[in-house]
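Asker: here you go, sequence then predicted model.
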Amino acid sequence: MSLPEKHRIRAAFSRAAVSYDAAAVLQREVCRQLLDMLRASNARHMPADILDAGCGTGYGARLLASEWPSARLAAADFAAAMAQKTASTTAAACVADIESLPFRNQAFDLWWSSLTVQWCDPRYVFAEAVRVLRPQGRLALSTLGPGTYAELRQAFAGIDHHRHTLDFSEPAPLAAAAETAGLAQLQIVRRTITLHYPDLKTLLGAVKAIGANALGDGRRSGMMGKAAWQALRAAYEAQRTADGLPASYDVILLTARA
């Protein structure tokens, strides 16, 4: 998997902070599903200290605060605008990279991260998670697999050979990195969530609004020409359903114990 440079990711999510909540239907649904999975994996777990790693604008943090109102909640995001939004509504939030967290060893009972790990090197993410988790602490994360935006990739296939979205990893390398870091009792669930949009412009706007458009090597430089845009729109229209233009998300949920 090719990862974009960190400064490009930070800039994309800082720009997206204002529009993120309005476009984050997927993020909210994935957070709810991850919390359901965490409950099912250990219903008796009562964390005293929780970290939301890659908090975005704070929806996950608000969900965690509602679930465990007596817990101390910390949050981190390396896009300053995202961390500021979370800090203004929910939790003590800092600007930090989840591959290098500013917290002491064994500081948390629950490490949570929703739709963030796909931007990172999972080896460093899991090593840091294990470091800051207490013995028997829980980890819960969601990320996206390679089936994400399958319809968009198909539509672009006849137009050009540029990357238009982030490359996403299969679950196996993720699980291997988690086990290498020392995590145990891994549970992985994979689901497809399909959202529908009224037109291509709205769909692409939603992709960009959450910072998920392509960054790094292989992306298109410059604007798409009129003929290419019309060809792309026609290719995507061929996939329209009664609900609109589909966009599939290959969602991977993972829980584990330190």
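Answerer: Structure's in. What do you need?

Asker: and the strands in this structure, which stretches?
Answerer: For the chain, applying DSSP state E gives strands covering 49-53, 72-77, 92-95, 108-114, 133-144, 184-197, 245-257.

Asker: those strands into CSV, with extra columns for mean neighbour count, mean pLDDT and distance to residue 83?
Answerer: No exception for glycine: its C-beta is placed from N, CA and C like everyone else's. Compiled in CSV, the strands of the chain are given as follows (neighbours: other CB atoms under 10 Å; pLDDT from 0 to 100; distance: least, CB to CB, whole Å):
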stretch, mean neighbour count, mean pLDDT, distance to residue 83
strand 49-53, 27, 97, 10
strand 72-77, 24, 95, 4
strand 92-95, 18, 89, 4
strand 108-114, 26, 97, 14
strand 133-144, 21, 96, 19
strand 184-197, 14, 96, 26
strand 245-257, 21, 96, 24
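
Asker: residue 122: which of those is closest?
Answerer: Of all the strands of the chain, it is strand 133-144 that lies closest to residue 122, at 8.4 Å by CB to CB.

Asker: tell me the contacts of the residue lying farthest from the centre of the chain?
Answerer: For the chain, the C-alpha lying farthest from the average C-alpha position belongs to residue 227; by CA atoms, centre = their mean, that distance is 32.9 Å. Contacts for residue 227 were tallied using CB atoms under 8 Å, 6 or more residues apart in numbering; there are none.

Asker: again with the one 10 residues further on
Answerer: Contact analysis of residue 237 by CB under 8 Å, 6+ apart lists 200, 245.

Asker: so how far is residue 123 from it?
Answerer: Noted for residue 237: a distance of 41 Å to residue 123, by CB to CB, to the nearest Å.

Asker: kindly report the same for residue 65.
Answerer: Counting by CB to CB, the gap from residue 65 to residue 123 is 30 Å.

Asker: ok, the two, which is more surrounded?
Answerer: residue 65 (18 against 15; other CB atoms under 10 Å).

Asker: against residue 189, how distant is that one?
Answerer: To residue 189, residue 65 is 24 Å away according to CB to CB.

Asker: how about the helices in the stretch 101-250 of the chain?
Answerer: 122-132, 150-157, 171-181, 200-209, 226-237 (DSSP state H, counting those that start in this stretch).

Asker: the second one to strand 245-257, inter-axis angle?
Answerer: Using axes from the mean of the first three to the mean of the last three CA atoms, to 10 degrees, the direction of helix 150-157 lies 130 degrees away from that of strand 245-257.

Asker: can you list the buried residues in helix 150-157?
Answerer: Of the residues in helix 150-157, 150-152, 155-156 count as buried by neighbour count, 16 or more other CB atoms under 10 Å.

Asker: now these in JSON lines, with distance to residue 173 and pLDDT?
Answerer: Formatted as JSON lines, the buried residues of helix 150-157 follow (distance: CB to CB, whole Å; pLDDT from 0 to 100):
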{"residue": "150", "distance to residue 173": "19", "pLDDT": "92"}
{"residue": "151", "distance to residue 173": "24", "pLDDT": "94"}
{"residue": "152", "distance to residue 173": "23", "pLDDT": "90"}
{"residue": "155", "distance to residue 173": "27", "pLDDT": "91"}
{"residue": "156", "distance to residue 173": "25", "pLDDT": "87"}
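
Asker: and the residues you listed, which two are the farthest apart?
Answerer: Across the buried residues of helix 150-157, the longest distance by CB to CB is 11.0 Å; it joins 150 and 156.

Asker: where in the stretch 151-258 of the chain is pLDDT low?
Answerer: Filtered on pLDDT under 70, the stretch 151-258 of the chain yields the residue ranges 162-164, 209-224.
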